[in-house]
Structure formats: C-alpha cells, structure tokens
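Participant: What follows is a predicted protein model with its sequence.
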Amino acid sequence: MTFTSRFAPSPTGPLHLGHAYSAIVAHDMARASGGRFLLRIDDLDQSRARPHWEQQIYDDLTWLGLTWDGPVRRQSDHFAEYEATIAQLAAQGLTFTCQCSRRDIEAAANAPQEGVPEFGPDGRIYPGTCRHRALPASDATCTRLDMTRACIRGLPAAFTETGPAHRGQHALSQQDLETTIGDVVLARRNMAASYHLAVVLDDAATGVTHAVRGEDLFDATRIHVLLQNLLGLPTPTYHHHALVRDDSGKRLAKRDDARAIAKYREEGATPADVRALVGL
Ligand code: GLU
C-alpha cells in the first residue's frame, strides 16, 4: 500500500507555527517514502468555517513549498455519508440519543473518586443519564456511541504508534475505554458528525496509511481505532508528533495570531526560517 499521510486543518482561523510543523512533518514523511501527501479541509463546524481561512490554508502551504496530491477533500461535502454511517451504527444498537446539556452532565457526574478520571479526550466523561431512556430523535440534541456495547461488539486488540512520545503497540481494553473515554458524541443536532466519526471515515475514504498529527490527539486515538473496527475499516499507523509551544510552554492556539504563518510571510521571513523556528 502506498504510504499516504495527510494534513487536516480546520478553516476557522489562521494557521500558525504548530500547523506548519504538523504539515511539514506529514509532507516530508510522505515524500521520503515516495508516498502521497493529502490535504483535507476539516470544516465540520460550519458555524466557524470561513472561505477566506480556507484560501489562506492553500496560500500558506504553497508558500511553505508543500505540495499535496490529488483533490482536496472537504468534510462539508460528505455530511450525507457521515449520517448514513451513524444510522448504520444505530441499527446495530450501538448508539443512543441524548439531550443532556453540558450543565446536566456536570450536575449528574459522580463525586470524584480516587483513581477514576473525570475528564477524557472529549471533556467531562458522560455519566450515562440518557443511555437507557430511548428518547425520540426529535427530543435529542446529540447521538452518542454506547461505549460498552461498542467495545463488546468490536474492540480491536491494539494499534501501532510511531511518534516519539508513545512509540510502540498500544493494547486496548474495554474497561479503559469505559472509564477514561465513555459514551462519546457521534453527531449533534447542528453538526452532521463529530470529529471522531468524520476523521475515521475521511482517513479510510482517502486511503490514509499514516495518520500524522499532534500529540494532543493521542488519547482520542482509541476512539478512532474502535470505530474503524466496528465499521470494517483499516486502521492506519498513528504518528503523534510533539506540539510547538510558546515561550511560556503553552501550546499554540488558533488565537495566537502573532504566530500565524501569514504574519511571518508578510514580515519577510522565508520558508526556511519557519522550518528553523519549529526545529525542522
Ligand atoms: N482537524 C483536526 C485538527 O485540526 C485534525 C484531525 C486529525 O489530524 O486527525 O485538530
């Protein structure tokens, strides 16, 4: 299989040095293996995605000297596929409808117990309030994966990671997914799919063999690997790279406009300067 990596930014703000690092690492790995480097526009959140940010992604990457193969995939072109997949999981009894607000979840959460995490990759771990309520779809604000049933149906044994911090095989266990992740959201009333569902379908549809992305997504990988197995999709090799941090050690965020690639570009920096700034 041809080595295939991708860069998948959201067009909700300017790309910054952290994005540059991620894109360059994924690009260079593909080029070094004679493989493909894909670009995807992760515009699931239509309330925040803007065409001018998407255009700036193309401009920034081109300026950095990165080239991508094949057409750009845009998530907003695939909402019907995401919905069909959720319907398929629902038909297998692996989902439930939920109407809990963030505040409901907080109020229903059990008192913190020693050794049991309160938060997972998606924030506060869902306490299960709606799991057996069989709410009509019209009352639901989101659809969740029933983690216990999903694990029983198809938890794979492990996934492979090649990134520096967690290199190796990572075994999966039902108890771990139940207690540290819980019933994650697959779709919301105003969003056709959650990031987890979309990323799994997108990577599979585009033949991604190596999912290269920031270390902050490592904990969510177990959700992706479970969904791939439930849906009969291949699991890529994962490579979570270190995050670019500011001088105080905080990871860069979208609002760090001061670190925007466009800003360096306007100020006369060269792509080589940007590579050097991020340590590449
Ligand atoms: N759109 C995601 C992000 O910006 C990337 C997801 C991924 O690489 O899996 O964090």
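Facilitator: Done, it's in.

Participant: Contact residues of the protein facing the ligand?
Facilitator: Contacts of the chain with the ligand, taken as C-beta under 6 Å from any ligand atom, map to 8, 9, 10, 42, 199, 211, 213, 217. From N, CA and C alone the C-beta is placed, and that goes for glycine too.

Participant: Now the buried members of these.
Facilitator: 8, 9, 10, 42, 199, 211, 213 (16 or more other C-beta atoms under 10 Å).

Participant: So the third one: helix, strand or coil?
Facilitator: By that I understand residue 10. coil (DSSP: H, G, I helix; E, B strand; the rest coil).

Participant: Also the last one?
Facilitator: In three-state terms, and counting by three-state DSSP, residue 213 is strand.

Participant: before we move on, back to that, now pLDDT and distance to residue 100 too, for the buried ones among the residues of the chain next to the ligand, in JSON lines please.
Facilitator: Formatted as JSON lines, those follow (pLDDT from 0 to 100; distance: C-beta to C-beta, whole Å):
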{"residue": "8", "pLDDT": "98", "distance to residue 100": "29"}
{"residue": "9", "pLDDT": "98", "distance to residue 100": "30"}
{"residue": "10", "pLDDT": "97", "distance to residue 100": "25"}
{"residue": "42", "pLDDT": "98", "distance to residue 100": "25"}
{"residue": "199", "pLDDT": "98", "distance to residue 100": "24"}
{"residue": "211", "pLDDT": "98", "distance to residue 100": "30"}
{"residue": "213", "pLDDT": "98", "distance to residue 100": "29"}
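
Participant: right, and out of those residues, which lies closest to residue 17?
Facilitator: The shortest approach to residue 17 among those belongs to residue 9, at 13.0 Å (C-beta to C-beta).

Participant: Enumerate every residue touching that closest one.
Facilitator: Residue 9 is in contact with 15, 19, 23, 41, 42, 57, counting by C-beta atoms under 8 Å, 6 or more residues apart in numbering.

Participant: pLDDT value on the residue nearest to residue 33 when sequence neighbours are not counted, please?
Facilitator: Spatial nearest neighbour of residue 33, chain neighbours left out: residue 3 (4.0 Å); criterion: C-beta to C-beta, 6 or more residues apart in numbering. Looking at residue 3, its pLDDT stands at 98.

Participant: rewinding a little: looking at the contacts of residue 9, which is nearest the ligand?
Facilitator: Set against the ligand, the nearest of these by C-beta to the nearest ligand atom is residue 42 (3.4 Å).

Participant: Surely that closest one and residue 198 touch.
Facilitator: Yes. Judged on C-beta atoms under 8 Å, residue 42 makes contact with residue 198 at a distance of 7.5 Å.

Participant: re the thing from before, most widely separated two among the buried ones among the residues of the chain next to the ligand?
Facilitator: With C-beta to C-beta as the measure, no two of those lie farther apart than 10 and 211, at 16.0 Å.

Participant: Residue of the stretch 51-200 of the chain closest to the ligand, please.
Facilitator: Counting by C-beta to the nearest ligand atom, the stretch 51-200 of the chain gets nearest the ligand through residue 199, at 4.6 Å.
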